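[1] Build me a model:
(one chain, ligands or ions: 1)
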Amino acid sequence: MSSDWPDAALDVEALLRAGWRPTPFRDVVLKVHQRCNLACDYCYVYTMADQSWRDRPAVMDRRTWRIAARRTAAHADAHDLDGMRLVLHGGEPLLAGTARLDELIGDFRAAFPAGRRLEVLIQTNATLIDEAAVALFDRHDVRVGVSLDGPAEANDLRRRRPDGRGSAAGVDRGLRLLPPDRFAGLLCVIDPATDPIACYEALLSYRPPAIDLLLPHANWDSPPAGGYAQWLIAVFDRWYDAPRQETSIRLFEDVMTLLLGGPGRSEQVGLSPVAVVVVETDGAIELVDSLKSAYPGACATGRNVADDEFDAVLRHPGVVARQIGADALGDTCRACPLHRVCGGGHYAHRYRSPDGFRNPSVYCADLAALIHHVRDRIAADLRAQSLPVRE
Ligand code: SF4
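    Okay, the predicted model is just below:
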């Protein structure tokens, strides 16, 4: 299965003839383990359109990750990159075991060219963090991102173990073992049924250096419930009005930076090129796996690290569509005065069958309301300081 746009309709050759050039990948997301010890009800890997995890090896073998390491190093060299980031992902990556991850990170570091930086991050549900895992993180300078959806009672409604028990107690145990210098931040999928301030303050109690607030993956074929704008605005005001900055919230900081004319950093807003590539446990090179929420095979490129360098997918329509900024937007978004800030929202949230990804985000109204609110708050503060405001 494919989509009309970009797969059939995006003319990559014409873009290249017109002078556009791809942005090299900076993040390699390695799916080291396909399975998870939790069964969160919104997880795009297991509960949404694409079910390809069923056909892949449960765990990545050494031969595959060594080839992926060579491809990553070659990519850094070919594009003269100062550094790249290796993101260990799953499923739950700690299911691979600390011994295997120790070998894997060691092999990546050994393959990476001298003089180029390889940052290593693991995205985990934290329930399997123990002393051995912390020693691994310390040994290899790994930063750890943890998924948690707020207070225990809210988190445990959605983030459960297969037998129905909640995961919050296990996450709490894992987070308390994690030294502050290993902690990259918390990732929270928004549930508008939860109290936004209680959720934010529960996350804050772990002193995260950063919080990523994520809209759950949805699209025009599987639309979300409402209430996201009000939830986000309540957290924005609580965060913005704090007497000192308590943590970094990437979505809010990006909206503020974009409103002031700067670049965005995330896939949720803005028009910056996305420079992420995924390697599955069988070595398949794939697009960002959030597209699994759209339709079966939406992430597939037909390439594998066994045969191909990462450059082989740099001109894939699904990669190009996420790198060409406003040219990837449909007419509605391009006519929208917010499009340079909003960027049409997360690419996966624009999907509608059968035409594909050239639609406004299914969260359009929520994004517009948040951006207007942030703009009004900043404008009021600038006026209060007698600084010029461009309306
Ligand atoms: S998704 Fe909505 S708010 Fe965002 S650019 Fe498109 S039309 Fe504007």
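[2] Going by C-alpha atoms from here, please, whenever you check contacts or count neighbours.
    OK.
[3] In contact with residue 188, which residues?
    With contact taken as CA atoms under 8 Å, 6 or more residues apart in numbering, residue 188 is in contact with 147, 148, 149, 150, 211, 212, 213, 214.
[4] distance between the ends of stretch 21-33?
    Here the two ends of stretch 21-33 are set 33 Å apart, with distance taken as CA to CA, to the nearest Å.
[5] neighbouring contacts of that stretch?
    By CA under 8 Å, 6+ apart, the residues outside stretch 21-33 that reach it are 58-60, 72, 75, 79, 83-96, 273, 275-281, 311, 314-315, 320, 323.
[6] Give me the subset of those residues lying in helices.
    Secondary structure assignment (DSSP state H) places 72, 75, 320 from those within helices.
[7] And the pLDDT at the first one?
    I take that to be residue 72. As predicted, residue 72 sits at a pLDDT of 98.
[8] what's near enough to touch it?
    Residue 72 neighbours (CA under 8 Å, 6+ apart): 28, 112, 310.
[9] Show me which of the ones in helices among the contacts of stretch 21-33 is closest to the ligand.
    Among the ones in helices among the contacts of stretch 21-33, residue 320 lies closest to the ligand (CA to the nearest ligand atom), at 18.7 Å.
[10] Next, count neighbours for that closest one.
    Using other CA atoms under 10 Å, residue 320 is surrounded by 25 other residues.
[11] Relative to residue 347, how far out is it?
    Counting by CA to CA, the gap between residue 320 and residue 347 amounts to 12 Å.
[12] repeat for residue 37
    On the measure of CA to CA, residue 37 and residue 347 end up 28 Å apart.
[13] ditto for residue 95
    Using CA to CA, one obtains 29 Å as the distance from residue 95 to residue 347.
[14] neighbour count winner among those two?
    More neighbours sit around residue 347 than around the other of residue 95 and residue 347, counting by other CA under 10 Å; the figures are 25 against 20.
[15] So what's the predicted local confidence for that one?
    For residue 347, the pLDDT comes out at 94.
[16] Then residue 146?
    Residue 146 carries a pLDDT score of 98 in this model.
[17] Surely it is within a helix?
    No. The assignment for residue 146 (DSSP: H, G, I helix; E, B strand; the rest coil) gives strand, which keeps it out of a helix.
[18] Quick one: neighbours of it, just the number.
    Burial of residue 146, expressed as a neighbour count using other CA under 10 Å, amounts to 22.
[19] residue contacts, it?
    By CA under 8 Å, 6+ apart, the contact set of residue 146 is 123, 124, 125, 126, 184, 185, 186, 187.
[20] Which ones among those residues also lie next to the ligand?
    Checked against the ligand using CA under 6 Å from any ligand atom, those give no members in range.
[21] Any chance of a PyMOL selection covering the buried ones in the residues you listed?
    Typed into PyMOL, the line below selects the buried ones among these, using 16 or more other CA atoms under 10 Å:
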select buried, resi 123+124+125+126+184+185+186+187
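[22] Show me which residues of the stretch 201-350 of the chain are close to the ligand?
    The stretch 201-350 of the chain comes close to the ligand at residues 332, 333, 336, 338, 339, 342, 343, 344, 345, as judged by CA under 6 Å from any ligand atom.
[23] Of those residues, keep whichever come out buried.
    So, of these, 333, 338, 339, 342, 343, 344, 345 end up buried under the neighbour-count rule (16+ other CA under 10 Å).
[24] Select from the contacts of residue 188 the entry with the lowest predicted confidence.
    By pLDDT, residue 150 ranks lowest within those, coming in at 91.
[25] tell me the SS of the closest residue to it other than its chain neighbours?
    Using CA to CA, 6 or more residues apart in numbering and skipping residues adjacent in sequence, the residue nearest residue 150 is residue 199, 4.3 Å away. Residue 199 carries the three-state label helix when classified by three-state DSSP.
[26] Residue 199: how many residues sit nearby?
    21.
[27] Check residue 130 too.
    17.
[28] Help me confirm that it comes into contact with residue 172.
    No. Taking CA atoms under 8 Å as the contact criterion, residue 130 and residue 172 are not neighbours in contact, 11.8 Å apart.
[29] For the buried ones among the residues of the stretch 201-350 of the chain next to the ligand, which two are the farthest from each other?
    Of all pairs drawn from these, the widest gap by CA to CA lies between 338 and 345 and measures 10.7 Å.
[30] Correct me if wrong: residue 5 contacts residue 355.
    Yes. Here residue 5 reaches residue 355: they are 6.0 Å apart, a contact under CA under 8 Å.
[31] These two: who's more crowded?
    Counting neighbours by other CA under 10 Å for residue 5 and for residue 355 shows that residue 5 has the greater number, 19 against 16.
[32] which residue sits closest to that one, ignoring its sequence neighbours?
    When the adjacent residues along the chain are set aside, residue 5 lies closest to residue 356, with 4.9 Å between them (CA to CA, 6+ apart).
[33] Check residue 268 too.
    Per CA to CA, 6+ apart, closest to residue 268 is residue 346, 4.4 Å.
[34] can you give me the helices for the stretch 251-391 of the chain?
    Along the stretch 251-391 of the chain, counting by DSSP state H, counting those that start in this stretch, helices occupy 317-320, 331-334, 339-342, 364-384.
[35] Tabulate those helices (TSV), appending mean pLDDT.
    Shown next, in TSV, are the helices of the stretch 251-391 of the chain (pLDDT from 0 to 100):
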stretch	mean pLDDT
helix 317-320	95
helix 331-334	97
helix 339-342	98
helix 364-384	96
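[36] tell me which element residue 184 falls in.
    With the criterion set as DSSP states H and E, the secondary-structure element containing residue 184 is strand 183-189.
[37] Given that strand, what are its sheet partners and their directions?
    The sheet places strand 183-189 alongside strand 142-147 (parallel), strand 210-214 (parallel), with pairing taken from DSSP bridges.
[38] could you give the mean pLDDT of that strand?
    Strand 183-189 shows a mean pLDDT of 97 in the predicted model.
[39] Stretch 236-251 too?
    Per-residue pLDDT over stretch 236-251 has a mean of 97.
[40] end to end, how far does that stretch reach?
    10 Å.
[41] List the buried residues in that stretch.
    By neighbour count on 16+ other CA under 10 Å, the buried set for stretch 236-251 is 236, 239, 240, 249, 250, 251.
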